[in-house]
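Student: I'd like to go over a predicted model; first the sequence, then the structure.
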Amino acid sequence: MTGKETYTEEEIIRIFKEYMQKKDKFPSKSQIEADKSLPSYTTVKRRFGSLFKFKQILGVDISQDLKRKDTAIRYTNDDIKNECRNS
């Protein structure tokens, strides 16, 4: 798929798992944007909240992300509201 196509969450997950099987790594943001066979970074962010959360869903080792000083876990307003409701 290329261009302005619509993906289901399942399709996005499948496409990235196939990519990781072939390349043996998760693509960087710039690699996602450059590779037209992948859904765009914006699509992933809209569907899953962030690239960090998406990596967690895929089971990608995020330990390197956590070590980087510029990495922050960001919460949406809905995340915060849900957390407050569940407390």
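Tutor: In hand now; what should we look at?
Student: going by C-alpha atoms from here, please, whenever you check contacts or count neighbours.
Tutor: OK.
Student: what's the strand or helix carrying C84 packed up against?
Tutor: Take DSSP states H and E as the rule and C84 turns out to sit in helix 77-86. Helix 77-86 is packed against no helix or strand, with contacts defined by 3 or more CA pairs under 8 Å, 6 or more residues apart in numbering; DSSP states H and E.
Student: average model confidence for it?
Tutor: For helix 77-86, mean pLDDT is 80.
Student: now swap in stretch 61-72 and tell me
Tutor: Averaged across stretch 61-72, pLDDT comes to 64.
Student: that older thread, so which residues make contact with the helix holding C84?
Tutor: Residues from elsewhere that reach helix 77-86 (CA atoms under 8 Å, 6 or more residues apart in numbering): none.
Student: going forward, begin numbering at 695 instead of 1
Tutor: Sure, I'll start counting at 695 from here, so that last one is helix 771-780.
Student: show me where this protein has strands.
Tutor: Counting by DSSP state E, one finds no strands in the chain.
Student: longest helix of it, counting residues only.
Tutor: Longest helix in the chain, counting residues (DSSP state H): helix 703-717.
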